[in-house]
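J.: sharing a sequence plus its predicted fold:
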Amino acid sequence: MSDLFGAPPQQQTDPASQSRDRPLADRLRPTGLDEVIGQDHILAPDAPLGAMLAANALSSLIFWGPPGVGKTTIARLLADASDREFVQISAIFSGVAELRKVFEAAKTRARIGQGTLLFVDEIHRFNKAQQDGFLPHMEDGTIVLVGATTENPSFELNSALLSRSQVLVLRRLENDALAELMARAEQMLDRQLPLAADARAALLEMADGDGRALLNLIEQATTIKSDTPLGAKELATRLQRRAAQYDKSGDGHYNLISALHKSVRGSDPDAAMYWLARMLTAGEDPRFLARRITRMAVEDIGLADPQATRLCLDAWATYERLGSPEGELALGQAVIYLALAPKSNAAYRAFKDAMRVAKQTGSKSPPKHILNAPTSLMKDQGYGDGFAYDHDAEDGFSGQHYFPDDMERMPFYDPPERGYEREMKKRVDYFARLRDKRKTN
């Protein structure tokens, strides 16, 4: 034992014990690119990274993918394979001062012929000026930049940085890849997990495509004491499922609302309910969903079912009165109704076309015959001349021209023969026939 002021005596460290104390994810980290699981589409010999390494022409890269799929590991192994110094920083904790030190150190290495692979985690968190700071060092070969991001690079990274890099998409790990990772873990641990077949499958689902999460779950599972293998239900009571990846302001948010909208438009109530449930369980604001569901009714159902919008507004109001979770059922009912409703964007297209033409035609005046003439001067100018009161006309329809005098009539609304718009189309065609008849007469 050491005294209060002296150094503690040297203690023998057991390498095996030290290894066991390291997290399983660290102990199982691949030592070569051929050991990386689930990313063959970028690592195979004829894939982008395989071809770069074979040609000894590694360029700057942006790895885009979910957590736990090997972005950091692949970057580290690329440095080894290309004989470059591996330097890792995080955009969350690094500022301009640290970047300057990194670039200066890289320049010093370059002078002695040593390259640098700079791995920047969460690179999308750097602002525009910080991202621009990489450019000269990438261009003169001081560094090979490998950035990692879980967000869509198209929205989060500067075009200048993207033009000097190749974006590679890393995929979430499928269950086959996760099962291979589990087998490797059991081999390293020299023991089988105390799990029945359904529990092993459930463990893979709990990881939700995240290899690091799976290894953490496996470490927890190794602490379970049981005389018989656990089933899926028993496992669920012992371990916590990984939280679904979802950022309410990020790429996942827009992907899921797009999936919900397109499932409704595609008349698939089951898929629509799945994506609604995915967003709700991930913590999405139900008011945002109520707004988007109402938009779907206006945009994709329209007049094919005029009560669809009213039903969505009622569901929105029901949620406001009941709150979560009871009020969410009303949103689910609205989604089912919209998915099964007849679809039409005819009114939506008519509105967009009319807005486009209105912007093009500027300040054209209405035809004088439909302008009121409350003063004698206006009467002298021809206001109201030739106006026909439709209720006095045959069939209650005068057939007059209501567009500007120097503008041909433009047919914006073209309803399909679906849902209630079948009736609307009959009316459109009916008035078109009457209009032609009036012209002939």
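T.: Happy to help now that I have it.
J.: tell me how far stretch 92-100 lies from the chain's centre.
T.: 29 Å (Cα atoms, centre = their mean, to the nearest Å).
J.: residues in contact with that stretch?
T.: 89, 120-122, 125, 130, 133 (Cβ atoms under 8 Å, 6 or more residues apart in numbering). All C-beta atoms are positioned from the backbone trio N, CA, C, and that covers glycine.
J.: out of those, who has the most neighbours?
T.: Of all the contacts of stretch 92-100, the highest neighbour tally under other Cβ atoms under 10 Å goes to Val120, namely 27 neighbours.
J.: listing partners with orientation, what would you give for the strand or helix carrying that one?
T.: Assigned by DSSP states H and E, Val120 falls within strand 115-121. Here strand 115-121 is paired, per DSSP bridges, with strand 84-90 (parallel), strand 144-149 (parallel).
J.: would you mark the buried spots in the following helix or strand past the longest one?
T.: Elements were assigned by DSSP H and E; along the chain past strand 84-90, the next helix or strand is helix 96-111. Neighbour counts using 16 or more other Cβ atoms under 10 Å place 99, 102-103, 106, 109-110 of helix 96-111 among the buried residues.
J.: can I get stretch 403-415 as PDB, trimmed to CA atoms?
T.: This file holds the C-alpha atoms of stretch 403-415, laid out as PDB (Å, rounded to 0.1, in the frame of the first residue of the first chain):
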ATOM      1  CA  PHE A 403     -61.500  35.600 -69.000                       C
ATOM      2  CA  PRO A 404     -59.800  38.800 -70.000                       C
ATOM      3  CA  ASP A 405     -60.800  40.000 -73.500                       C
ATOM      4  CA  ASP A 406     -57.500  39.300 -75.100                       C
ATOM      5  CA  MET A 407     -57.100  35.900 -73.500                       C
ATOM      6  CA  GLU A 408     -58.500  32.600 -74.700                       C
ATOM      7  CA  ARG A 409     -60.500  30.400 -72.200                       C
ATOM      8  CA  MET A 410     -58.100  28.000 -70.500                       C
ATOM      9  CA  PRO A 411     -59.400  24.600 -69.100                       C
ATOM     10  CA  PHE A 412     -57.500  24.200 -65.800                       C
ATOM     11  CA  TYR A 413     -59.800  21.700 -64.100                       C
ATOM     12  CA  ASP A 414     -59.900  18.200 -65.700                       C
ATOM     13  CA  PRO A 415     -61.600  15.800 -63.200                       C
END
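J.: give me the contact list for it.
T.: Under Cβ under 8 Å, 6+ apart, the answer for stretch 403-415 is 303, 344, 346-347, 349-351, 353-354, 357, 361, 364-368, 401, 421-422, 424-425, 428.
J.: swap the cut-off to 10 Å and go again
T.: If you take Cβ atoms under 10 Å, 6 or more residues apart in numbering as the criterion, stretch 403-415 is touched by 302-304, 344, 346-347, 349-357, 361, 363-369, 401-402, 421-429, 432, 435.
J.: part of a strand, is Val167?
T.: Yes: assigned with DSSP: H, G, I helix; E, B strand; the rest coil, Val167 falls within a strand.
J.: quick check: it touching Ala148?
T.: No: in this structure Val167 lies outside contact range of Ala148 using Cβ atoms under 10 Å: 11.4 Å.
J.: more crowded one of these two?
T.: Ala148 (24 against 16).
J.: about what we covered before: so which of the strands paired with strand 115-121 is the most packed in?
T.: strand 144-149 (a mean of 24; mean count of other Cβ atoms under 10 Å).
J.: as CSV, could you dump the C-alpha coordinates of that one?
T.: The C-alpha trace of strand 144-149 is given here as CSV (Å, rounded to 0.1, in the frame of the first residue of the first chain):
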residue,chain,number,x,y,z
VAL,A,144,-7.3,12.6,-47.2
LEU,A,145,-10.6,13.6,-45.5
VAL,A,146,-13.1,10.9,-44.5
GLY,A,147,-16.2,12.5,-43.0
ALA,A,148,-19.0,10.5,-41.3
THR,A,149,-22.6,11.7,-41.0
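J.: now the angle from it to helix 96-111?
T.: 150 degrees (axes from the mean of the first three to the mean of the last three Cα atoms, to 10 degrees).
J.: quick one, helices of the stretch 301-441 of the chain?
T.: Secondary structure of the stretch 301-441 of the chain, counting by DSSP state H, counting those that start in this stretch: helices at 307-322, 328-340, 346-361, 376-380, 421-440.
J.: can you give me the neighbour number for the closest residue to Glu151 other than its chain neighbours?
T.: Closest residue to Glu151 apart from its sequence neighbours, by Cβ to Cβ, 6 or more residues apart in numbering: His124 at 4.7 Å. Applying other Cβ under 10 Å, we find 20 residues neighbouring His124.
J.: equivalent analysis for Gly211, please.
T.: 25.
J.: which SSE is immediately downstream of the worst-scoring helix or strand of the chain on mean pLDDT?
T.: Lowest by mean pLDDT, DSSP states H and E among the helices and strands of the chain is helix 15-21, with a mean of 54. Counting by DSSP H and E, the next helix or strand C-terminal to helix 15-21 is helix 24-27.
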